[in-house]
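Asker: sequence and computational prediction follow.
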Amino acid sequence: AAGNFTISGTPSVSGPFSYTVSVTSTCGATPTANGSFTITSTPVQPSIIIGPLSPCQNTTGNSYQVNNDVNAVFYNWTYIAGGTGATITNSTTINALFDFSNIATSGTVSVTAHNTCGPSPARLLPIVIKTIPSQLTITPNQDSICAGQNSIISIIGSENGVTYTAFNNIVTPVGGSVVGDGTTKNITITYAELNANANGITIQASQTGCGSITFVQKDTIYKSTITAPVLVSNLPSLCSGGGMVQFSVPNIFSKYEWALGTTASYTSASQLITAGLNTETISSPGFYFVKVSDDYNCSAVTIGKQIDYLSTVEPTIVVDNATAIKTTVSCQTIASNYQWYVQNAAGKLKYIQGANTINFTTFFDGNYFVAVKFNNCYIYSAIKVISGMAAGNILKQGFFEDDSSIVIPPINFGEELIVFPNPSNGSFDINYLNTSNELSTVNLYNNFGTLVAHRQSEETGFVTLSFNEFNLRSGIYIIEMIQNGIVSRKKIMIQH
């Protein structure tokens with residue numbers, strides 16, 4: 001007869017087992033029957049994975065293996081925990097081959113053993129993928145550096161584990177090396193290191209075991225050594241009560257920034273005057289500076305130059321000699337230049353043309369001043385009133401005035417008759433001194449002796465008679481003056 005039977009229990013080991021079966025009934029026992037079977041267990045966790053812990057991107061055939069488990073039918077290799085970019089071959093054997101792409105990322109190698117009873121626990125091996133250096137964006141924080149400054153080379157988004165080294169002329173390392181970590185890394189290069197270079201900075205990016213690349217950061221990094229010029233002024237001081245001083249430096253720079261300080265230190269120069277020209281005109285005392293810059297924005301500051309008001313003493317006027325005809329005065333202050341002035345009817349100072357020596361002789365009453373010049377500054381005296389002369393007050397003479405000056409004709413009282421101007425264009429003045437109350441007569445004759453003009457005057461003092469309405473032709477004329485029975489004559493030339 002046929003039948004089924006069940007063997008129950010939990011075997012503690014795996015392996016082949018045998019069994020014997022006999023059947024007993026009321027009819028007696030049957031002959032025994034023998035058989036066998038095998039118990040298979042789930043595979044144990046694979047052994048420690050042997051393989052590279054830091055493989056490089058863009059590599060193939062990276063071998064990872066474990067010991068064979070007799071209970072395993074096959075193995076399953078995977079790349080987990082965020083790892084990407086891996087292609088696995090022989091993934092069902094104890095020795096799998098991993099190919100990592102050029103964008104592969106770090107992760108964990110995992111392997112499990114399998115049979116009909118199921119998978120084993122996974123064996124894990126975390127690995128770090130080394131980055132193959134790539135051409136990153138490299139920028140300087142400036143295109144040029146100035147003497148004494150540093151140039152900072154920035155590696156934008158540095159790659160993990162990649163060592164970046166700067167080279168001067170692709171020969172000499174400069175500024176040290178940095179290791180990338182995914183952030184921007186900086187290499188600082190000193191002016192001295194860069195100054196020995198003619199062709200710019202080269203960056204080498206290398207990864208141990210993964211190779212290196214070289215790329216040029218800048219074909220040329222400009223270097224500049226700028227020297228502060230000497231600040232000069234056209235005058236050593238300001239004139240009291242006003243005036244200007246002009247500063248200048250050579251016009252060889254790209255930018256000029258003028259500043260006024262309170263001390264000889266540039267740190268005190270908080271007031272920016274202007275920026276632009278190589279000259280600056282100032283009107284206030286203080287310490288002046290100019291910061292000059294070149295095309296690469298490198299700069300230098302001049303030594304501070306102090307300008308103050310000129311310290312002077314007001315000049316004084318003294319009378320050297322006085323008569324009824326003339327008065328000579330002099331300035332008691334020694335200076336490089338002198339200019340004498342007279343006050344006109346409007347109270348305005350008019351400088352007297354030609355009166356520019358330390359002494360001055362006048363034939364007229366009036367209010368006189370002298371200005372002396374120190375370092376281009378004119379210092380004015382107090383008023384000097386001159387009176388009592390026969391010619392009378394200068395305000396009565398009708399001398400020509402322009403906006404700033406008065407023209408007194410040349411006077412020599414050794415002569416009885418003064419003609420001004422001579423030659424003339426037909427308009428001229430005759431001047432003479434009349435110290436009596438007698439009538440004076442002036443006649444004008446042409447070259448043929450014909451009387452062409454006649455004037456009389458009872459004025460006293462310094463008399464001026466104008467001749468400007470007779471339409472005289474060009475030629476030589478004779479002026480005749482009769483005064484107190486005395487006849488004086490003088491020639492005048494008329495030119496048109």
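Answerer: Perfect, thanks for sending it.
Asker: could you tell me the end-to-end distance of stretch 331-345?
Answerer: Across stretch 331-345, the terminal residues are separated by 24 Å (CA to CA, to the nearest Å).
Asker: list the residues that contact Thr89.
Answerer: With contact set as CB atoms under 8 Å, 6 or more residues apart in numbering, Thr89 has these partners: Ala96, Leu97, Asp99. For every residue, glycine as well, the C-beta is placed using N, CA and C.
Asker: quickly list what it is bridged to.
Answerer: Per DSSP bridges, the residues bridged to Thr89 are Leu97.
Asker: partners of the residue nearest the centre of the chain in the sheet?
Answerer: In the chain, the residue lying closest to the centroid (CA atoms, centre = their mean) is Ser293, at 4.8 Å. Beta-bridge pairing for Ser293 (DSSP bridges): Lys255, Ser299.
Asker: that one and Ala275 touch, don't they?
Answerer: No - using CB atoms under 8 Å, Ser293 is not in contact with Ala275; the gap is 9.6 Å.
Asker: tell me, what's touching the two both at once?
Answerer: Taking CB under 8 Å, 6+ apart as the contact rule, Ser293 and Ala275 both touch Lys255, Tyr256, Glu257.
Asker: by neighbours, which of those wins?
Answerer: Tyr256 (20 neighbours; other CB atoms under 10 Å).
Asker: could you tell me which residues make contact with that one?
Answerer: Val249, Ala275, Gly276, Leu277, Asn278, Glu280, Val290, Lys291, Val292, Ser293.
Asker: list the contacts for the last one?
Answerer: What it means is Ser293. Taking CB under 8 Å, 6+ apart, one finds Ile226, Phe253, Ser254, Lys255, Tyr256, Glu257, Ser299 in contact with Ser293.
Asker: burial count for Leu417?
Answerer: 16.
Asker: I'd say Ile145 and Gly175 touch.
Answerer: No - using CB under 8 Å, Ile145 is not in contact with Gly175, being 12.0 Å away.
Asker: coming back round to it: most widely separated two among the contacts of Ser293?
Answerer: Ile226 and Glu257 (13.4 Å; CB to CB).
Asker: shared neighbours, the two?
Answerer: Shared contacts of Ile226 and Glu257, defined by CB under 8 Å, 6+ apart, comprise Val292, Ser293.
Asker: pLDDT-wise, which helix or strand of the chain ranks last?
Answerer: strand 28-29 (a mean of 67; mean pLDDT, DSSP states H and E).
Asker: helix or strand right after that strand?
Answerer: Remark: after strand 28-29, the chain's next helix or strand is strand 33-39, criterion DSSP states H and E.
Asker: thought Thr93 was touching Tyr75?
Answerer: Yes - in terms of CB under 8 Å, Thr93 counts as a neighbour of Tyr75; the distance is 6.1 Å.
Asker: what about the two, which has more around it?
Answerer: Just comparing Thr93 and Tyr75: by other CB under 10 Å the higher neighbour count belongs to Tyr75, 25 against 14.
Asker: need the contact list for the more buried one.
Answerer: Contacts of Tyr75 (CB under 8 Å, 6+ apart): Pro46, Val66, Ser91, Thr92, Thr93, Ile94, Ala96, Val111, Thr112, Ala113, His114.
Asker: again, but for Met244
Answerer: Counting by CB under 8 Å, 6+ apart, Met244 has contacts Leu238, Thr281, Ile282, Ser283.
Asker: ok, Val370 next?
Answerer: For Val370, the contacting residues are Pro315, Ile317, Val329, Cys331, Tyr338, Gln339, Trp340, Tyr341, Phe360, Tyr380, Ser381, Lys384, by CB under 8 Å, 6+ apart.
Asker: for those, which one is nearest Thr163?
Answerer: Using CB to CB, the contacts of Val370 come closest to Thr163 at Tyr380, 79.2 Å.
Asker: so what's the closest residue to the closest one other than its chain neighbours bridging to?
Answerer: Of all residues not flanking Tyr380 in the chain, Ala371 sits nearest, at 5.0 Å (CB to CB, 6 or more residues apart in numbering). Bridge pairing for Ala371 (DSSP bridges) gives the partners Gln339, Tyr380.
Asker: Gly261 now?
Answerer: Phe287.
Asker: Thr59 and Ser206: what is the separation?
Answerer: Separation of Thr59 from Ser206 (CB to CB, to the nearest Å) stands at 16 Å.
Asker: quick check, pLDDT for the residue of the chain most remote from its centre.
Answerer: Residue farthest from the centre of the chain, counting by CA atoms, centre = their mean, is Cys27 at 123.9 Å. Cys27 is assigned a predicted lDDT (pLDDT) of 75.
Asker: kindly report the same for Phe467.
Answerer: Confidence score, pLDDT, at Phe467: 89.
Asker: now swap in Gly398 and tell me
Answerer: 69.
Asker: the closest residue to Gly286 other than its chain neighbours: what's it in contact with?
Answerer: Leaving aside its sequence neighbours, Gly286 sits nearest to Leu260 (CB to CB, 6+ apart; 4.9 Å). Listed by CB under 8 Å, 6+ apart, the contact partners of Leu260 are Ala269, Gln271, Ile273, Ile282, Ser284, Gly286, Phe287, Tyr288, Phe289.
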